[in-house]
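*Asks:* prediction below, plus the sequence it came from.
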Amino acid sequence: MNGSATPRLLHRTATIRLRLTRRQTRRCYRLLRSAGDVWAWLLDSNRQRRQQGEPAISNYQALCRELTRTGSFGELSVAGARSVLRRYSDAWFQAAKRRKAGLSASFPRRKCSLVPVRCYHGTFTIQGQRVRLRVARGQPELWVRLARPLPYPPEQVRAVTLLADGGRLWLAVTAAVPVEHHDLDPMRVAGVDLGIIHPYAAVAEDGGLLVSGRALRAESYLHLVDQQARQRKTAKRAPKPGQRGSRRWRRHRARLRRVEARHRRRVHQAQHQAAKQVVAFAAQQRVGTLVVGDPRGITDRDAGRVQNWRLRQWRRTHLLQALRDKAELAGIVVRLVDERGTSSTCPACHRRVAKPNGRRFRCPHCTFFGHRDLVGAANIAAKAGGGPTSTGVPVLVEHRRAGQVPARRDRRRHLHDARRRRSCPASGHPPDNPASGRCRSPRVPDLTPGEDHAASPNRADVA
Ligand SMILES: [Zn+2]
C-alpha cells in the first residue's frame with residue numbers, strides 16, 4: 001500500500017431517517033407507490049409477453065425503450081422510473097445467474113405497493129441536511145430533511161434511495177469512501193470469536209478485546225416479553241381466516257411492524273458499533289489480518305428450544321458482514337477458518353478439555369485458566385499462525401460494550417418488573433392499587449427456568 005497512489009474506493013451505505021412535513025410525507029409515499037406501479041407494470045407486461053409466446057424483456061436498455069413508449073407514472077421522474085427498471089433487470093439477471101450455477105432462485109414476480117426509488121449522481125442535490133429529489137417535469141420541487149447529519153462528505157455521495165420501512169420514510173445514502181491508511185503489519189494476525197454472550201472476542205499478539213453483548217441480550221429479551229404480552233392480549237381479536245380485519249386490527253398490525261423494525265434497528269446499530277470497536281482495536285494493534293471462526297452450520301443440529309431460538313436471534317451473518325465491511329475499509333484482511341474445537345482446546349498444552357459451562361475456562365491437564373471466549377479467539381488465531389506470543393491468552397484485555405442498556409423508564413421494563421414483583425416498578429404504568437404495588441399487566445410466563453440466563457438482563461456476566 002503506497003501513500004502516493006490514489007486510495008481505493010469502496011461503496012458504503014447509511015440509512016438515515018427523514019424528518020418531513022405532512023405534505024412532503026404524502027408526496028414521498030406517492031413516489032414510492034408510483035414506483036410500485038412501474039414494478040407491477042413490468043411484471044404484468046412480461047407475463048403477457050410470455051403468454052403470447054414472446055420472450056420476456058429483461059435487458060435494461062430494452063426496458064427503458066418500453067418505458068418511453070408507455071408514458072409517465074405520476075410524479076415519478078424518468079430517472080426514478082428507470083431506477084425501478086434497473087432494480088428489476090438486476091434481480092432478473094441475478095436469478096438467471098444463480099439458476100445457471102445450479103442454485104435455486106426465482107425471477108421477480110411479486111408485486112409490492114411501495115418500491116424504493118433511487119436517484120443516481122446528478123439527479124439529486126444536497127444542501128446541508130436537506131436533499132432535493134428529482135420528480136417529474138412540471139411538478140414542484142421536492143426537498144426532504146435528514147434527521148441526522150450526513151456521515152459522508154457530500155461530494156462523495158453517489159446515490160440516494162428513498163424507501164419506507166416499518167411505517168417510516170428513510171433515505172439510504174450511498175457514498176464512495178476511500179480506504180483509510182493505517183500502519184498495519186500483514187504478518188500480525190488476530191483471532192476473532194463470534195458469540196452470543198460476547199458478540200466479538202478478539203485476541204492479538206499482546207492484547208485482547210471483549211465486547212459485551214449484555215445490552216443486546218437485554219433488548220432482545222424485553223422485546224420478546226413485550227411481543228408475547230401483546231400477542232396474548234390481542235389474540236382473541238384476530239380476524240378469522242378469510243375475514244377482513246377491522247381498522248383497529250390494522251392499526252395493531254402497523255404498531256407491531258413498527259416495534260419489530262425498531263428492535264431490528266437497535267440490534268443492527270449495536271452490532272455495527274461492536275464491529276467498529278474490533279476494527280479500531282485491530283488498527284491500534286497494527287493487525288493486518290483478522291481470522292474469524294466460521295459460524296456456518298451451527299443451526300443445523302437441534303440444541304433445544306431455548307438455545308435454538310437464541311441461535312436464530314444471534315444474527316451471526318450480520319455480525320460477520322459488519323466486521324468484514326469495516327475491516328475492508330481499514331485495509332484489514334478478513335479470513336474465515338473452521339472454528340470446530342476452538343472453545344474446547346487448551347491454548348497452553350493443546351489438549352482437549354470439556355466445554356466449560358460458564359465463561360471460565362480451566363484446563364485439568366495443566367494449570368491454565370482464562371476467559372472462554374478469549375481462549376476461543378486465541379485458538380482461532382493459532383490456526384492461522386497468530387495469537388499471543390506467550391502461552392495462553394493475553395493479560396491485557398480491553399472490555400467494551402455494544403449497544404445501550406434499555407433505559408430505566410423503558411415501557412417494556414414494566415413487564416419485566418411485574419414478573420419479578422419489584423416493590424418499585426418502572427414508571428410508565430402506575431399500579432392498579434398503590435397499596436399492594438402489583439401491576440395490571442399479565443404475568444409473564446418463564447422461559448425454561450435456569451436456561452434463560454443468556455437472555456436475562458439482570459444477571460451478571462462471569463468475567
Ligand atoms: Zn492445558
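*Replies:* Happy to help now that I have it.

*Asks:* which parts of this structure are helices?
*Replies:* For the chain, the helices defined by DSSP state H cover 22-51, 60-70, 78-100, 214-234, 247-284, 305-313, 316-329, 372-383, 413-420.

*Asks:* ok, which of those comes nearest Val179?
*Replies:* Smallest distance to Val179 across the helices of the chain (C-beta to C-beta): 6.0 Å, for helix 316-329. In short, each C-beta sits where N, CA and C put it, glycine included.

*Asks:* list of residues touching that closest one?
*Replies:* With contacts defined as C-beta atoms under 8 Å, 6 or more residues apart in numbering, helix 316-329 is touched by 10, 12, 177, 179-180, 192, 194, 199-200, 268, 271-272, 274-276, 278-279, 282, 290, 292, 295, 298, 333-334.

*Asks:* return the set of buried residues in it.
*Replies:* Buried positions in helix 316-329, judged by neighbour count with 16 or more other C-beta atoms under 10 Å: Arg316, Leu319, Leu320, Ala322, Leu323, Arg324, Asp325, Lys326, Ala327, Glu328, Leu329.

*Asks:* swap in stretch 212-230?
*Replies:* Neighbour counts over stretch 212-230 (16+ other C-beta under 10 Å) mark 212-226, 229 as buried.

*Asks:* what about it, average pLDDT?
*Replies:* What stretch 212-230 shows for mean pLDDT is 89.

*Asks:* dump it to PDB, keeping only the CA atoms.
*Replies:* The C-alpha trace of stretch 212-230 is given here as PDB (Å, rounded to 0.1, in the frame of the first residue of the first chain):
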ATOM      1  CA  SER A 212     -20.100  -7.400  25.900                       C
ATOM      2  CA  GLY A 213     -23.500  -8.200  24.400                       C
ATOM      3  CA  ARG A 214     -25.400  -7.700  27.600                       C
ATOM      4  CA  ALA A 215     -27.300  -4.700  26.400                       C
ATOM      5  CA  LEU A 216     -28.200  -6.600  23.200                       C
ATOM      6  CA  ARG A 217     -29.500  -9.500  25.200                       C
ATOM      7  CA  ALA A 218     -31.500  -7.200  27.400                       C
ATOM      8  CA  GLU A 219     -33.000  -5.600  24.400                       C
ATOM      9  CA  SER A 220     -33.900  -8.900  22.800                       C
ATOM     10  CA  TYR A 221     -35.300 -10.300  26.000                       C
ATOM     11  CA  LEU A 222     -37.500  -7.300  26.700                       C
ATOM     12  CA  HIS A 223     -38.700  -7.300  23.000                       C
ATOM     13  CA  LEU A 224     -39.700 -10.900  23.300                       C
ATOM     14  CA  VAL A 225     -41.500 -10.500  26.500                       C
ATOM     15  CA  ASP A 226     -43.300  -7.400  25.100                       C
ATOM     16  CA  GLN A 227     -44.400  -9.100  21.900                       C
ATOM     17  CA  GLN A 228     -45.600 -12.100  23.900                       C
ATOM     18  CA  ALA A 229     -47.700  -9.900  26.100                       C
ATOM     19  CA  ARG A 230     -49.100  -8.100  23.100                       C
END
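
*Asks:* contact partners for the residue nearest the centre of the chain?
*Replies:* In the chain, the centroid-proximal residue (C-alpha atoms, centre = their mean) is His268; its distance is 3.7 Å. Contacts for His268 (C-beta under 8 Å, 6+ apart) come out as His318.

*Asks:* pLDDT value on it, please?
*Replies:* pLDDT, His268: 91.

*Asks:* distance check, the residue nearest to Gln139 when sequence neighbours are not counted against Gly358.
*Replies:* Distance criterion C-beta to C-beta, 6 or more residues apart in numbering; nearest residue to Gln139, sequence neighbours excluded, is Glu75 at 5.2 Å. From Glu75 across to Gly358, the span is 60 Å (C-beta to C-beta, to the nearest Å).

*Asks:* which one's more surrounded, these two?
*Replies:* Glu75 (18 against 11; other C-beta atoms under 10 Å).

*Asks:* just the pLDDT at that one, thanks.
*Replies:* Glu75 carries a pLDDT value of 90.

*Asks:* that one is in contact with Arg137, isn't it?
*Replies:* No. Under the criterion of C-beta atoms under 8 Å, Glu75 makes no contact with Arg137, lying 10.2 Å away.

*Asks:* for the ion, what are the nearby residues on this protein?
*Replies:* Cys346, Ala348, Cys349, Cys363, His365, Cys366, Phe368 (C-beta under 5 Å from the ion).

*Asks:* rewinding a little: out of the helices of the chain, which one sits most buried?
*Replies:* Compared across those, helix 372-383 shows the largest average neighbour count, a mean of 27 (mean count of other C-beta atoms under 10 Å).

*Asks:* ok, Arg50 - contacts?
*Replies:* So Arg50 contacts Ala56 (C-beta under 8 Å, 6+ apart).

*Asks:* from the ion, how far off is it?
*Replies:* From Arg50 over to the ion the distance is 66 Å, taken as C-beta to the ion, to the nearest Å.

*Asks:* measure that residue to Asp183 for me?
*Replies:* Arg50 is 58 Å from Asp183, where distance means C-beta to C-beta.

*Asks:* and Thr15, by the same measure?
*Replies:* Thr15 is 32 Å from Asp183, by C-beta to C-beta.

*Asks:* higher neighbour count, the two?
*Replies:* Neighbours were counted for Thr15 and for Asp183 using other C-beta under 10 Å; Thr15 has more, 13 against 8.
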